[in-house]
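Engineer: Any chance you can model this:
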Amino acid sequence: MNKLNVPAGYQAVMPYLIVENATGFSRFLTTVFNATEKEKHMRDEKTIMHAEAQIGGSVIMFADSTETWKPMSASMFVYVEDADETYKIALAEGSTSVMEPADQPYGRSCGVTDPFGNTWWITSVK
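Structural biologist: All right, here's what the predicted structure looks like:
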């Protein structure tokens with residue numbers, strides 16, 4: 001397989017989410033997953049045209065929905081330091097539980113659906 005020319009700090013595949021209230025989504029990512037904002041570009045009407053948040057070594061791209069680009073939910077798998085604590089924070093930030101924290105063969109895992117309709121499978125390695 002040929003080596004791809006991917007810019008530093010990016011992956012060959014990254015989610016691109018279209019959400020209602022991208023500013024709120026950005027706050028959610030920061031609060032729940034300790035994400036850092038990499039980029040943010042605004043439209044004239046003060047909505048987010050393109051934003052990037054980094055969680056660990058991974059980047060999530062997202063934007064506010066429009067008449068043309070409707071909100072689209074996604075499901076993501078994310079490694080965290082402490083799945084139980086991240087689960088509690090996600091619930092406090094308005095998420096609903098999909099699966100309570102439990103030991104799995106691959107680690108401690110749980111699931112939530114965020115207030116924006118996306119499902120997060122949260123795992124910490126044993």
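
Engineer: Check what pLDDT Ala74 gets.
Structural biologist: For Ala74, the pLDDT comes out at 97.

Engineer: low-confidence ranges in the chain?
Structural biologist: For the chain, the stretches with pLDDT under 70 are 1.

Engineer: hey, which helix is longest across it?
Structural biologist: Longest helix in the chain by number of residues (criterion: DSSP state H): helix 22-33.

Engineer: The next helix or strand after that helix pairs with which strands, and in what direction?
Structural biologist: Toward the C-terminus, helix 22-33 is succeeded by strand 36-42 as the next helix or strand (DSSP states H and E). Note on strand 36-42: by DSSP bridges, its sheet partners are strand 48-55 (antiparallel).

Engineer: Can I get the partner strand as CSV, trimmed to CA atoms?
Structural biologist: Taking C-alpha atoms only, strand 48-55 is exported to CSV below (Å, rounded to 0.1, in the frame of the first residue of the first chain):
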residue,chain,number,x,y,z
ILE,A,48,-20.0,27.6,11.9
MET,A,49,-19.0,26.8,8.4
HIS,A,50,-16.2,24.5,9.3
ALA,A,51,-14.6,23.6,12.7
GLU,A,52,-12.1,21.0,13.9
ALA,A,53,-11.6,19.6,17.3
GLN,A,54,-8.8,17.3,18.5
ILE,A,55,-9.4,14.5,20.9
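
Engineer: All set now, cheers.
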